[in-house]
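**Q** make a model of this:
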Amino acid sequence: MQDNKNFLGTAPIGKLLLKLSIPTVIAQLINMLYNIVDRIYIGHIPGEGSLALTGVGVCMPIIMIVSAFAALVSSGGAPRASIYMGKQENESAEQILGNCFSLQIIISLILTTVLLIWSKDLLLAFGASENTIGYATDYMQIYAFGTLFVQLTLGMNSFITAQGFTTVSMVSVVIGAICNISLDPVFIFGFHMGVKGAALATILSQGISMVWVILFLCGKKTQIHLRTKYMRLEPKVILPCVALGLAAFIMQASESIVSVCFNSSLLRYGGDIAVGAITILTSVMQFAMLPLQGIAQGAQPISSYNYGAKNIELIKKAEKQADYPPAVDMQFCNCYI
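**A** Numbers count the residues shown, from 1 in each chain. As a prediction, this is how the structure comes out:
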């Protein structure tokens, strides 16, 4: 089906939605599972597992904010790229891709600087105690150096999904998961690095995923290519992307704020163990939302592409074929903005 460059506008909607959604749902589940495995390894560090797990848990609101900045660019840029692909204006789609790539690099450098300078102050404000601040800063100081990898992996992978290549975007997640799960025990227990080893395994895995994503976007199979001539930021190209991605950014940033409130309250009334417990529970609770997010990501290329191609009836048909939850409906709304 993907040999036909216009398959997003010509394939039967039911089969197309299923084919695009299944890989994105699997990718979301794998991503969640390897995060849980990461926490399992940290929780089994001899003599300090519970405090180490709590320290890493306090880092989660900051990691959510880093992911929110990736969504700020990609959640607006990827649907707009799909719209221009639907209009058969791939050059405009490539301009969006290049501009988003450059903006994410700039944001990454700013975030890295902020985290390296003020990570301890931020972590104390976000619920770290005297017992856990050492583990939290150890993790965050290393994670900060991988901010670029995280931004580009999350952000550029959205442009692969936007073309309908959800299996390829799933593979990038699988590669990161396998690398992370393999490297965790080596660095944490083999080299006795503790939480530093967990952070190093994470950023190296994200780095490998980033290379995979960029190689695909520069290769022959992609419909829109990452080109240096489009990497110069142009307000008329990038500002509409940021405006469209603002809603996704606010949603993820709000989730971070809620997490901070949980951590602060639990630290006051339940201590470090309670903060560690909510870290585990949050990971488990996210399983409920992941399938919906996966379906939403699978629906986005269809809605955006067909909006650009002015196949409004096809979009309505896609909406009618399933009783979409709000998470999926939002993806359809994005293509109209």
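
**Q** so what pLDDT did residue 130 get?
**A** Predicted confidence (pLDDT) for residue 130: 93.

**Q** cool, and the one 10 residues further on?
**A** Residue 140 carries a pLDDT value of 97.

**Q** please report phi then psi for it.
**A** Backbone torsions of residue 140, given as degrees, to the nearest 10, read phi -70, psi -30.

**Q** ok, residues contacting stretch 188-204?
**A** 38, 41-42, 45, 48, 52, 55-56, 135, 138-143, 145-146, 149-150, 179-180, 183-184, 186-187 (Cβ atoms under 8 Å, 6 or more residues apart in numbering). C-beta: built from backbone N, CA, C; applies to glycine.

**Q** do me a favour and average the pLDDT over that stretch.
**A** 96.

**Q** do the same with stretch 291-303
**A** For stretch 291-303, the per-residue pLDDT averages 83.

**Q** alpha carbons of that stretch, as PDB, please.
**A** Provided in PDB are the C-alpha atoms of stretch 291-303 (Å, rounded to 0.1, in the frame of the first residue of the first chain):
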ATOM      1  CA  PRO A 291      -4.000   2.900  23.300                       C
ATOM      2  CA  LEU A 292      -6.100   6.100  22.800                       C
ATOM      3  CA  GLN A 293      -2.900   8.100  22.100                       C
ATOM      4  CA  GLY A 294      -1.800   5.500  19.600                       C
ATOM      5  CA  ILE A 295      -5.100   5.600  17.700                       C
ATOM      6  CA  ALA A 296      -4.900   9.400  17.700                       C
ATOM      7  CA  GLN A 297      -1.500   9.300  16.100                       C
ATOM      8  CA  GLY A 298      -2.700   6.800  13.500                       C
ATOM      9  CA  ALA A 299      -5.700   9.000  12.700                       C
ATOM     10  CA  GLN A 300      -3.700  12.200  12.300                       C
ATOM     11  CA  PRO A 301      -2.000  11.500   8.900                       C
ATOM     12  CA  ILE A 302      -5.300  10.500   7.400                       C
ATOM     13  CA  SER A 303      -7.200  13.600   8.600                       C
END
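
**Q** any idea how far that stretch is from the chain center?
**A** 14 Å (Cα atoms, centre = their mean, to the nearest Å).

**Q** and if you look at stretch 307-314?
**A** Taking mean C-alpha positions (Cα atoms, centre = their mean), stretch 307-314 and its chain are 28 Å apart.

**Q** what residues of that stretch count as buried?
**A** 307, 308, 309, 311, 314 (16 or more other Cβ atoms under 10 Å).

**Q** which residues touch the fourth one?
**A** When contacts are counted by Cβ under 8 Å, 6+ apart, residue 311 is found next to 9, 86.

**Q** please apply the same query to the last one.
**A** Contacts were defined as Cβ under 8 Å, 6+ apart; by that measure residue 314 touches 9, 13, 302, 306.

**Q** which two among the residues you listed are spaced furthest apart?
**A** In the contacts of residue 314, two members sit farther apart than any others by Cβ to Cβ. They are 9 and 13, at 10.2 Å.

**Q** which helix or strand contains the most centrally placed residue in the chain?
**A** Central residue of the chain (Cα atoms, centre = their mean): residue 154, 4.1 Å from the mean position. Assigned by DSSP states H and E, residue 154 falls within helix 147-162.

**Q** can I get that helix in PDB, CA atoms only?
**A** The C-alpha coordinates for helix 147-162 follow below in PDB (Å, rounded to 0.1, in the frame of the first residue of the first chain):
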ATOM      1  CA  THR A 147      18.100  16.600  25.600                       C
ATOM      2  CA  LEU A 148      19.000  17.000  21.900                       C
ATOM      3  CA  PHE A 149      18.500  13.300  21.300                       C
ATOM      4  CA  VAL A 150      15.100  13.300  23.000                       C
ATOM      5  CA  GLN A 151      13.900  16.400  21.200                       C
ATOM      6  CA  LEU A 152      14.900  15.200  17.800                       C
ATOM      7  CA  THR A 153      13.700  11.600  18.300                       C
ATOM      8  CA  LEU A 154      10.300  12.600  19.500                       C
ATOM      9  CA  GLY A 155       9.900  15.500  17.200                       C
ATOM     10  CA  MET A 156      11.200  14.100  13.900                       C
ATOM     11  CA  ASN A 157       9.500  10.700  14.400                       C
ATOM     12  CA  SER A 158       6.200  12.600  14.200                       C
ATOM     13  CA  PHE A 159       7.100  13.500  10.600                       C
ATOM     14  CA  ILE A 160       7.600   9.900   9.800                       C
ATOM     15  CA  THR A 161       4.100   9.100  11.200                       C
ATOM     16  CA  ALA A 162       2.700  12.100   9.400                       C
END
